[in-house]
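Participant: only geometry, no sequence info:
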């Protein structure tokens, strides 16, 4: 693969691109490009854009004359159509480790880095950084992750209980889930953990 600089005014967006980009997101991408440089080339077939429509809009907003591109003309037409969708959807399928993300944010704050460049809303940043000393010590995750711990995210319980206790608590909560027909366990889990920490 070779990166080639192409004039912005020659690039043609895919007319049937189903991914949308708000003005706010375009401004965020533009701010990122301004801070870090154009680190992610636009994928093209000749002058037609396959992936990177948001980056192209941001480049226009910044009045850039040229942008880096990678030619993907070796793909078949069905592959190009599929890649346009997959490139966006696969990125959306990723998640976050709330504890590690909060730690990274704190490190960036110590370095006086502008967190607005990361793409999070103000309320999301407030939630990530608003951690009490007890929560920081336990490595507690946000409430929305606690609500889903039975689906695999049991980190908060593993922090407070040894393996034998952990299995017993999870089995009890799974039984309680069946009896109450509910998935909201954040209050129950927090109570269990706090009680454990007091003992």
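Facilitator: Alright, I've got the coordinates. Predicted model, so just to flag it, every value in this text is computed and none were measured. Residues are numbered from 1 along each chain as shown.

Participant: C-alpha only now, for contacts and for neighbours.
Facilitator: Noted.

Participant: Give the buried residues for stretch 78-89.
Facilitator: 80, 83, 84 (16 or more other CA atoms under 10 Å).

Participant: Stretch 92-108 now?
Facilitator: Quick answer for stretch 92-108 (16+ other CA under 10 Å): 99, 102, 105, 106.

Participant: Repeat that for stretch 10-28.
Facilitator: Residues of stretch 10-28 classed as buried: 11, 12, 13, 26, 27, 28 (neighbour count, 16+ other CA under 10 Å).

Participant: What is the end-to-end distance of it?
Facilitator: 23 Å (CA to CA, to the nearest Å).

Participant: Go through the buried residues of stretch 92-108 and flag which are in helices.
Facilitator: 99, 102, 105, 106 (DSSP state H).

Participant: Nearest spatial neighbour of the last one, chain-adjacent residues omitted?
Facilitator: In other words, residue 106. Once flanking residues are discounted, residue 106 sits nearest to residue 129: 7.3 Å by CA to CA, 6 or more residues apart in numbering.

Participant: any chance you could map the helices in the protein?
Facilitator: Using DSSP H, helices in the chain cover 23-36, 53-61, 77-92, 98-110, 122-129, 133-138, 143-146, 155-160, 163-180, 186-198.

Participant: quick one, the first one and helix 53-61 angle?
Facilitator: Per axes from the mean of the first three to the mean of the last three CA atoms, to 10 degrees, the angle that helix 23-36 makes with helix 53-61 is 70 degrees.
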